[in-house]
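Engineer: curious how this folds, go ahead:
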Amino acid sequence: MASPPPAPTSTPVTILVDADACPVKEEIYRVAERFGAHVRVVSNSPFRVPVSDRVKRVVVDDGFDAADDWIAENANVRSIVITGDILLAERCLKQGATVLKHDGSAFDAASIGNAIATRALMADLRAGINGISGGPPPFSKADRSRFLQSLDRELTRQCGTPGTRS
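Structural biologist: This is a model prediction of the structure:
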């Protein structure tokens, strides 16, 4: 069930991108521009970002989870966090943020516990059995399309239809 739209506010929606290994950065920039949303591209090393007042690169130190810590500390009800990191997703959900995976599926309060349990189970299996390897399937055009639809839907929910904002 979709959440009701947030109360109107002058605070812009900010998309916080866990940039390392994010395959949809270019798509985020395009959709954010249409809606006038701000973007923060957070990583341990510099990434090229578009020249825009709304898009900013945030380079954190290379400490363990430094990018995750910055994102979690800056996430709020006016944030959309883009990450594949389940534990970061949980932290951001606790701050009231919307969290989307790169394939467009959402982490939410109903799914995060199961995702954490599955992550722990798979880690235990990998640690106890030689030969278990792999990871998620390769990122596909269908994943990219689902992501674009999900981001557009969430920005429409939070910002309204592009071109109708005041």
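
Engineer: for the protein, which segments count as helices?
Structural biologist: 25-35, 66-74, 86-94, 112-128, 141-159 (DSSP state H).

Engineer: select, out of those helices, the one closest to residue 45.
Structural biologist: Residue 45 sits nearest to helix 66-74 of all these, at 9.9 Å, using CB to CB. Placement of C-beta: from N, CA and C, glycine included.

Engineer: and stretch 50-69, how far from the chain's centre?
Structural biologist: 13 Å (CA atoms, centre = their mean, to the nearest Å).

Engineer: so for it, what gets flagged as buried?
Structural biologist: 54-55, 58-60, 67-68 (16 or more other CB atoms under 10 Å).

Engineer: got it, and stretch 41-49?
Structural biologist: Neighbour counts over stretch 41-49 (16+ other CB under 10 Å) mark 41-43, 49 as buried.

Engineer: wait, which of these is closest to residue 83?
Structural biologist: residue 42 (9.6 Å).

Engineer: what's near enough to touch the closest one?
Structural biologist: Counting by CB atoms under 8 Å, 6 or more residues apart in numbering, residue 42 touches 16-19, 58, 60, 67, 70-71.

Engineer: roughly how far does it sit from residue 25?
Structural biologist: 11 Å (CB to CB, to the nearest Å).

Engineer: partner residues bridging residue 14?
Structural biologist: Residue 14 forms beta bridges with residue 38, residue 79, as assigned by DSSP bridges.

Engineer: that one contacts residue 37, doesn't it?
Structural biologist: Yes: with contact defined as CB atoms under 8 Å, residue 14 and residue 37 form a contacting pair (6.8 Å).

Engineer: need the residues touching each of these two.
Structural biologist: residue 80.

Engineer: for the residue nearest to residue 11 when sequence neighbours are not counted, give me phi and psi.
Structural biologist: Leaving aside its sequence neighbours, residue 11 sits nearest to residue 78 (CB to CB, 6 or more residues apart in numbering; 5.0 Å). Per-residue torsions, residue 78: phi -100, psi 20 (degrees, to the nearest 10).
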